[in-house]
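> structure of the sequence below:
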Amino acid sequence: MRPLALLLVPLLAPLFTGACSPAEERAPDSGSAPVLVLAVDGFEWNVILPLLRAGEMPHLEELMERGTFGQLSTMMPNKSPRLWTTIATGKPPSEHGILDFLKPTEEPGSGAQHFTSRDRRTKAFWNVLSDAGVSNDTIGWWVTYPVEEVLGTMVAQTNTTQSYGIKKGHLEAGLPHQVWPPEFEARVFAALGESHDSVEARMEEIFGTRPEDLRPRLKKLWKQCEWTFRADSTYAAVLRARLAEGPPARVTSIFMGGTDVVGHRFWPAFEPETADPRPDPEEVAAFRHVIPAYYRYADKVIGELTSLYPADTTVIVIADHGMRAGGHGGEDAGVFLAAGPGIRDAPPFDPQTLDKATLPMLGRLADFCPTLLSLVDVPFGEDMLGRPIEALFTPEFQTAHPARSVPTHDDAEWLSTRGEEFEFEDAERVEQLRELGYLGDE
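The predicted structure is shown next:
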């Protein structure tokens, strides 16, 4: 079985040291220390910092103590498919082609369609790493359905609940293109079953109640979170299953979206004084604790997953944007954190005095892909908007691993596969977006 995929992020000044020829672009997987990227949608420092002060996110704090952390500037409009694709490609939406959740329909009444991986017009880091012989696993990243043939494992995020009905966090047996390589599919479905068996108990633990104990409107909010809790649990189970079959890939990336979803649904109860309209006291009493509880759960997952990796693993935590009352309609910067070999240590800090407003703005979304490639000695594309960020790395790392570049990674053969239609019915996934307020028709 072949290994994993990743996610990394920007920092400050560009690290740019000359171009290399296409022949130099390919370098076999060297067996160097792995990189684990934890992509956490809508991760917000203003939720994290009070929990750190209370000692309730110990795994994130441990990474902060031995690495670099700060903020990552986002883009507007800050919709997840376009942002995570910019992170993955180093290019803006106008170039990578993933502009929103749904594609414009040419014929009235033809039904909404999500963007698919075949709509992406430039290579993502998993393609570039595979071309360079670097093993990579990607689990749950946005706009990865149908999966691509990578040098490792890919499990699509946008999956199904019923035949050709796309819904996040649930795979449909017998439906192709959800898992690469196909022979890993059986193990993925076994992990899926294990995850589903425990999701309701996990939800009751986080909510502190059962849906039966809530009045109908509040019960609906509880039930509307089930898919994202299941998705996060499933992706973690899939990664554990992957690691049970062999050593980690050089680069692994895994996505968690529950932090974004609970932010959308429960911020009014979390900060009722900022909400308009203000929630009623029963809603506040039932749900005020849910966002902190889910962040504590995310920290637990971070600890569990990092414990499965060697001590010399580079760990990256990245968010596409932050969160606040009303969602993330403004330019709310997201979390960035990196720790491991070659990464600069942050100055000593006291969690009691940290404040989001004073955390450094380390970089931008587009810098992630070229920075990641440089971290594993693969040249970045000069046609990328982003550039490697030298402030992330120690001087010793920069000397031993100078950044390289090639004009582009988008060869004609790969580009010829772009734009191929891949049709599926995704009414359920569209309904999820409507429930979260993304479609503007509530």
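> tell me the buried residues in the one helix or strand Phe189 maps to?
Per DSSP states H and E, Phe189 falls inside helix 185-207. Residues of helix 185-207 classed as buried by neighbour count (16 or more other C-beta atoms under 10 Å): Glu185, Arg187, Val188, Phe189, Ala191, Leu192, Ser195, Val199, Met203, Ile206, Phe207. Every residue, glycine included, has its C-beta placed from N, CA and C.
> stretch 260-277 now?
Applying 16+ other C-beta under 10 Å to stretch 260-277 flags 260-272, 275 as buried.
> of these, which pair is most distant in space?
Asp260 and Pro272 (20.2 Å; C-beta to C-beta).
> helices along the stretch 151-300 of the chain, start to end?
Per DSSP state H, counting those that start in this stretch, the stretch 151-300 of the chain carries helices over the ranges 185-207, 216-224, 226-244, 258-270, 281-287, 290-306.
> out of those, which is closest to Ile316?
Of the helices of the stretch 151-300 of the chain, nearest to Ile316 by C-beta to C-beta is helix 290-306, at 10.9 Å.
> give me the contacts around the closest one.
36, 38, 40, 43, 47-48, 50-51, 56-60, 63, 202, 206-208, 232, 236, 239-240, 254, 256, 258-259, 262-263, 265-267, 269-270, 313, 315, 317 (C-beta atoms under 8 Å, 6 or more residues apart in numbering).
> only C-alpha atoms, please: export it in CSV.
Extracted in CSV, the C-alpha atoms of helix 290-306 (Å, rounded to 0.1, in the frame of the first residue of the first chain):
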residue,chain,number,x,y,z
VAL,A,290,-21.0,23.1,22.2
ILE,A,291,-18.3,25.2,20.4
PRO,A,292,-15.7,24.8,23.2
ALA,A,293,-16.6,21.2,23.6
TYR,A,294,-15.9,20.5,19.9
TYR,A,295,-12.6,22.4,20.0
ARG,A,296,-11.6,20.2,22.9
TYR,A,297,-12.6,17.2,20.8
ALA,A,298,-10.5,18.5,17.9
ASP,A,299,-7.5,18.9,20.2
LYS,A,300,-8.0,15.3,21.3
VAL,A,301,-8.0,14.1,17.7
ILE,A,302,-4.9,16.2,17.0
GLY,A,303,-3.2,14.5,19.9
GLU,A,304,-4.3,11.0,18.9
LEU,A,305,-3.2,11.4,15.3
THR,A,306,0.1,13.0,16.0
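> which residues of this structure score low on pLDDT?
Within the chain, the segments meeting pLDDT under 70 span 1-31, 106-112, 158-174, 329-330, 420-442.
> can you do 50?
Applying pLDDT under 50 to the chain flags residues 1-28, 30, 159-167, 169, 430, 432-433, 436, 438, 440-442.
> which SSE is the spatially closest residue to Trp414 that is not a sequence neighbour in?
Leaving aside its chain neighbours, Trp414 sits nearest to Lys123 (6.4 Å; criterion: C-beta to C-beta, 6 or more residues apart in numbering). Using DSSP H and E, Lys123 sits within no helix or strand.
> circling back: which among the contacts of helix 290-306 end up buried?
Buried members of the contacts of helix 290-306, scored by 16+ other C-beta under 10 Å, are 36, 38, 40, 43, 47-48, 51, 56-57, 59-60, 63, 206-207, 232, 236, 239, 254, 256, 258-259, 262-263, 265-267, 269-270, 313, 315, 317.
> ok, so of the buried residues of helix 185-207, who is nearest Pro247?
Using C-beta to C-beta, Arg187 is the member of the buried residues of helix 185-207 that lies nearest Pro247, at 15.8 Å.
> the residue nearest to the closest one when sequence neighbours are not counted and Thr306, how far apart?
The shortest distance from Arg187 to any non-neighbouring residue, by C-beta to C-beta, 6+ apart, is to Ala241 (5.0 Å). Separation of Ala241 from Thr306 (C-beta to C-beta, to the nearest Å): 17 Å.
> try Lys123
Counting by C-beta to C-beta, the gap from Lys123 to Thr306 is 28 Å.
> and Met76, its phi and psi?
The phi/psi pair for Met76 (degrees, to the nearest 10) reads phi -110, psi 140.
> can I assume Gln157 is in contact with Ile254?
No - contact between Gln157 and Ile254 fails when scored by C-beta atoms under 8 Å: they sit 10.4 Å apart.
> give me the common contacts of those two.
Residues touching both Gln157 and Ile254 (C-beta under 8 Å, 6+ apart): Gly140.
> got the buried residues of stretch 260-277 as TSV, with distance to Ile302 columns?
Shown next, in TSV, are the buried residues of stretch 260-277 (distance: C-beta to C-beta, whole Å):
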residue	distance to Ile302
Asp260	16
Val261	18
Val262	16
Gly263	17
His264	21
Arg265	22
Phe266	21
Trp267	22
Pro268	27
Ala269	25
Phe270	21
Glu271	24
Pro272	29
Ala275	29
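> of all these, which comes closest to Lys220?
Nearest to Lys220 among these, counting by C-beta to C-beta, is Arg265 at 10.2 Å.
> list the contacts for Ser307?
By C-beta under 8 Å, 6+ apart, Ser307 lies in contact with nothing.
> re the thing from before, is it possible to export the helices of the stretch 151-300 of the chain to CSV including distance to Pro347?
Shown next, in CSV, are these (distance: least, C-beta to C-beta, whole Å):
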stretch, distance to Pro347
helix 185-207, 34
helix 216-224, 42
helix 226-244, 32
helix 258-270, 27
helix 281-287, 37
helix 290-306, 22
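> out of the ones you listed, nearest to Asn78?
Proximity to Asn78 (C-beta to C-beta) singles out helix 258-270 among the helices of the stretch 151-300 of the chain, at 10.7 Å.
> list the contacts of the closest one.
Contact with helix 258-270 is made by 40-44, 80, 221, 224-225, 228-229, 231-232, 274-275, 278-279, 283-284, 286-288, 290-292, 294-295, 297-298, 319, 323-328, 436-437, as judged by C-beta under 8 Å, 6+ apart.
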